[in-house]
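In: Quick check, what structure comes out for this input:
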Amino acid sequence: MLALIALLALVTLWIDLPIDHPNWARQALFWQQPPEYRDLEIKQGLDLQGGTQVLLEAKPAGDQRISAEDMQAAKVIVERRVNGLGVTEPLVQLQGENRIIVELPGIDNPDQAVQTLKSTGQLEFVEIGSFTNPQYPLVTQGVYVRTTTHDAVSDAATLGATPNPYPDVVFTTIMTGRDLKSAGVQLDRYGASSIGFVLTDAGAKIFADYTAQHVNGILAIVLDNVVLSAPRIDSVIPDGSGEITGKFTREEAKSLAVQMRYGALPVPLEVVNRRTIGATLGADSVRRSVTAGMIGLITVLLFMIVYYRLPGTLAAIALVIYASLNLALYKLIPVTLTLPGIAGFLLSTGMAVDANILIFERMKEELRWGRSLKAAVEAGFNRAWTSIFDSNLSTLITCLILILFGRTFGAQAVMGFAVNLGIGISISMFTAVTVTRTFMRAVLATTGGESLSDKPWLLGV
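Out: Next up, the predicted model:
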């Protein structure tokens, strides 16, 4: 067990180090999606790094009526798009009957992110003509067109697109985004960013039949009436997988893949307000908070060492492992670090020390009653366990309740506090009991316990 704890400590220390971790380590984080955002960095919330706040308002086309179900569906899709952009600790909430408020901490390209959120996301595969004799040669990337399944909901200027060179023509839609199974960013054969996609079984059959009859034809890929790409069909594509190429930057490719993956909005959204939010704490305040936390941690460690001597020193080492495990989990899960989250971590640190105090006081009682050192150590851990488990379980139940209620508007800070506190409590039950007990057993095995029995002061008795 001691060897496993030492190995765990080394691994978590390697994860915690602010180094450039190898690519294989990042790719191993398969639960972090999408793959292009996997890393081993601490994510910071809006209060630590600032960000952008966007207010979206539903703008129905024609006589379309907006229902509560439409707005809830739009909210879910916006949330998925935000998560697909790799934004940490986002806030997506309904406001009133037809508005959605979105907070995006620390995004690199706010304009691209906002465009991704408000796009209705109607993807279509549209027949244009043949390569040898194109019927509509001016239909290229960035051109605004009308289609049989998605008529104009706004104009070209609004979308930043080139005006339709054939305003009276309605192009035939072969398939829509409903036939799309997945989409992701990849590199094409020239090393440029492209979007690879996979169709559903039904879509694959349509695609296979169409490509078999239209080799050398041009099949435009259109999103919200704007042509993304107008590639030539070089051969029959029977397996339902393809690639969208074009002059995409990596960020543009990511944005388009997100819109394709997470479906079409039930109602168009318009940005009615947008503002940049600065970090509420600032760099100096963050530094002061970290300093205060370090001072508190060192003070607790010194208290344990001075008051409990040898057991306290072992508990201090376990507490350092506890902090390392917390930081590693924050990177692996990942957990977004906010000011309330820091408070939750510090509180869980104090509670981890409480568990050790209960154990050591029980152990001292056993020694005063005349038990041998080995028996006193085992009895101390065994008798204190039920109290530790009950108190931590009640705290975890409280954390769960706070997380559930923290999903409501304006209570995100409460949820961040509860998540970090819950993680800390769970880890502390391992380090305060298993790790410290293993250290005590190792010391007893090394010394035989006889030399320690003759020095009660070393045990804090």
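
In: Which is the succeeding secondary structure element to the longest helix seen in the chain?
Out: Longest helix in the chain by number of residues (criterion: DSSP state H): helix 282-332. Using DSSP states H and E, the helix or strand that follows helix 282-332 towards the C-terminus is strand 336-337.

In: in the very next helix or strand once past that next one, what's buried?
Out: Next helix or strand after strand 336-337 toward the C-terminus (DSSP H and E): helix 339-368. Neighbour-count burial for helix 339-368, counted by 16 or more other CB atoms under 10 Å, picks out 339-349, 351-360, 362-364, 366-367. (C-beta placed from N, C-alpha, C; glycine too.)

In: again, but for stretch 306-324
Out: 308-319, 321-324.

In: do stretch 107-120 as well
Out: Ile107, Gln112, Ala113, Val114, Gln115, Thr116, Leu117, Lys118, Ser119, Thr120.

In: In the residues you listed, which has the lowest confidence score?
Out: Within those, Thr120 has the lowest pLDDT, namely 67.

In: How is the protein partitioned into domains?
Out: Residue ranges of the domains in the chain are recorded as 51-277, 282-459, according to automatic domain parsing.

In: Who are the contact partners of Thr338?
Out: With contacts defined as CB atoms under 8 Å, 6 or more residues apart in numbering, Thr338 is in contact with Gln44, Gly45, Leu46, Asp47, Leu48, Glu89, Ala413, Gly416.

In: Most neighbours among these, which one?
Out: Gly45 (28 neighbours; other CB atoms under 10 Å).

In: What distance do you get for it to Leu339?
Out: 8 Å (CB to CB, to the nearest Å).

In: same question, Ser348
Out: 15 Å.

In: How much space separates Phe248 from Leu319?
Out: 49 Å.

In: does Ala220 sit in a helix, a strand or a coil?
Out: strand (DSSP: H, G, I helix; E, B strand; the rest coil).

In: Isn't Pro129 up against Ile218?
Out: For the record, residue 129 is Gly, not Pro. Yes: here Gly129 reaches Ile218: they are 5.5 Å apart, a contact under CB atoms under 8 Å.

In: So between the two, which is more surrounded?
Out: Applying other CB under 10 Å to Gly129 and Ile218 shows that Ile218 carries more neighbours, namely 21 against 18.

In: I'd like the next helix or strand past the helix or strand of the chain with the lowest mean pLDDT.
Out: Among the helices and strands of the chain, helix 156-159 carries the lowest confidence by mean pLDDT, DSSP states H and E, at a mean of 54. Scanning forward in sequence from helix 156-159 by DSSP H and E, the next helix or strand is strand 170-171.

In: Following element in sequence after that next one, please.
Out: Next element after strand 170-171 (DSSP H and E): strand 173-176.

In: buried set for that following strand?
Out: Residues Thr173, Ile174, Met175, Thr176 are the ones in strand 173-176 that count as buried (16+ other CB under 10 Å).

In: Identify the farthest-apart pair in those.
Out: Taking CB to CB as the measure, the buried residues of strand 173-176 span a maximum distance of 8.8 Å, between Ile174 and Thr176.

In: Overlap of the contact sets of the two?
Out: Common neighbours of Ile174 and Thr176 (CB under 8 Å, 6+ apart) are Glu124, Phe125.

In: any weak-confidence spans in the stretch 101-250 of the chain?
Out: Low-confidence segments of the stretch 101-250 of the chain (pLDDT under 70): 108, 120, 130-135, 150-160.

In: now the helices for it?
Out: Under the criterion DSSP state H, counting those that start in this stretch, the stretch 101-250 of the chain contains helices at 110-118, 156-159, 201-213, 250-261.

In: and of those, who's closest to Ile237?
Out: helix 201-213 (4.7 Å).

In: Can you name the residues that contact Asp179?
Out: Neighbour list for Asp179: Leu199, Thr200, Ala202, Gly203, Ile206, Phe207 [criterion: CB under 8 Å, 6+ apart].

In: hmm, 10 Å instead?
Out: Residues in contact with Asp179 (CB atoms under 10 Å, 6 or more residues apart in numbering) are 123, 125, 197, 199-207, 240.

In: Equivalent analysis for Leu421, please.
Out: 340-341, 343-348, 351, 395-396, 398-399, 402-403.

In: Return the member of the residues you listed nearest to Ala432.
Out: Set against Ala432, the nearest of the contacts of Leu421 by CB to CB is Met351 (8.9 Å).

In: Now do the contacts for the residue nearest to Ser428 when sequence neighbours are not counted.
Out: In this structure, Ser428 finds its nearest non-sequential neighbour in Ala352, 3.4 Å apart by CB to CB, 6 or more residues apart in numbering. By CB under 10 Å, 6+ apart, the contact list for Ala352 reads 300, 315, 318-319, 322-323, 326, 392, 424-425, 427-432, 436.

In: swap in Gly406?
Out: By CB under 10 Å, 6+ apart, the neighbours of Gly406 are Pro340, Cys399, Gln412, Ala413, Val414, Met415, Gly416, Phe417, Ala418, Val419.

In: Got phi/psi on Val443?
Out: phi -70, psi -40 (degrees, to the nearest 10).

In: Please tell me how far it sits from Asp454.
Out: According to CB to CB, Val443 and Asp454 sit 15 Å apart.

In: and the two? which has more neighbours close in?
Out: Val443 (16 against 8).

In: Tell me who's in contact with the closest residue to Thr431 other than its chain neighbours.
Out: Excluding its sequence neighbours, the residue lying closest to Thr431 (CB to CB, 6+ apart) is Tyr322, at 4.1 Å. Residues near Tyr322 by CB under 10 Å, 6+ apart: Ala315, Ser348, Thr349, Ala352, Val353, Gly424, Ile427, Ser428, Phe430, Thr431, Ala432, Val435.

In: Which one of those is nearest to Arg189?
Out: For the contacts of Tyr322, the nearest to Arg189 is Ile427 (47.2 Å; CB to CB).

In: pLDDT score for that closest one?
Out: 94.

In: Counting neighbours, what do you get for the residue lying closest to it once chain neighbours are set aside?
Out: Distance criterion CB to CB, 6+ apart; nearest residue to Ile427, sequence neighbours excluded, is Leu325 at 5.1 Å. Using other CB under 10 Å, Leu325 has 24 other residues around it.

In: Distance check, Leu325 against Gly191.
Out: When Leu325 is compared with Gly191 (using CB to CB), they lie 41 Å apart.

In: do Ala432 as well
Out: When distance is defined by CB to CB, Ala432 is 52 Å away from Gly191.

In: The two: who's more crowded?
Out: Ala432 (27 against 7).
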